[in-house]
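> build me a model from this:
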Amino acid sequence: MINITDGLMISSPSDPLRAVVRIDFPASERLGHGKIRLLELIKETGSISAAGRSMDMSYRRAWLLVDAMNRMFGQPVVLSQRGGKQGGGAVVSAFGEELLSRFRAMESTVAHALKGDLDWLEVNRRHSK
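This next block holds a predicted model:
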């Protein structure tokens, strides 16, 4: 994958293969790379709006994703404040920090567990020219 400065990723045919972790919850909720990346950007910027912009999404879309994450769990993932004199803001909760850590650990575990298989697939895949 090639990281673009705005937080988006673009794949090219020469990129190595990788496994992707996505957790499917009952009631069609999902937790995957996009929501986790949004959470990381909220942690970095202190803003749902800024995090969304860096992923090329509207504030509404970013807010809906945060709201979905907050509804998935018994504890909030992101805490937000409404605007005022100093403006609003958002902070990743302690639970959200643990979620980030555990999700990234799951990704690492999956990558390690599948390394041999991904290496085999890589050797045997057809590369586009």
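> ranges for the strands of this structure?
For the chain, applying DSSP state E gives strands covering 2-3, 9-10, 23-24, 30-31, 78-81, 89-92.
> how close does residue 46 get to residue 127?
Here residue 46 is placed at a distance of 42 Å from residue 127 (CB to CB, to the nearest Å). Quick note: C-beta positions are derived from backbone N, CA and C, even for glycine.
> hang on, the earlier thing: what's the most buried one of the strands of the chain?
When the strands of the chain are scored by mean count of other CB atoms under 10 Å, the highest mean neighbour count falls to strand 89-92 (a mean of 19).
> hang on, residue 66 packs against residue 42?
Yes - if you go by CB atoms under 8 Å, residue 66 and residue 42 touch, sitting 7.3 Å apart.
> need the residues touching each of those two.
The contact sets of residue 66 and residue 42 overlap at 48, 78, 90 (CB atoms under 8 Å, 6 or more residues apart in numbering).
> how about the second one, nearest residue that isn't a chain neighbour?
What that stands for is residue 78. Once flanking residues are discounted, residue 78 sits nearest to residue 66: 4.9 Å by CB to CB, 6 or more residues apart in numbering.
> distance check, the one you found against residue 53.
The spacing between residue 66 and residue 53, counted by CB to CB, is 14 Å.
> out of the two, which sits in the more crowded spot?
residue 66 (24 against 17; other CB atoms under 10 Å).
> what does the pLDDT read for the more buried one?
The per-residue pLDDT reported for residue 66 equals 97.
> try the one 5 residues further on
As predicted, residue 71 sits at a pLDDT of 94.
> quick one on the thing from earlier: which residues sit in contact with the residue nearest to residue 78?
Residues 38, 42, 48, 77-78, 80, 90 are the ones in contact with residue 66 under the rule CB under 8 Å, 6+ apart.
> now do 10 Å
35, 38-39, 42, 48, 51-52, 76-78, 80, 90, 92, 96 (CB atoms under 10 Å, 6 or more residues apart in numbering).
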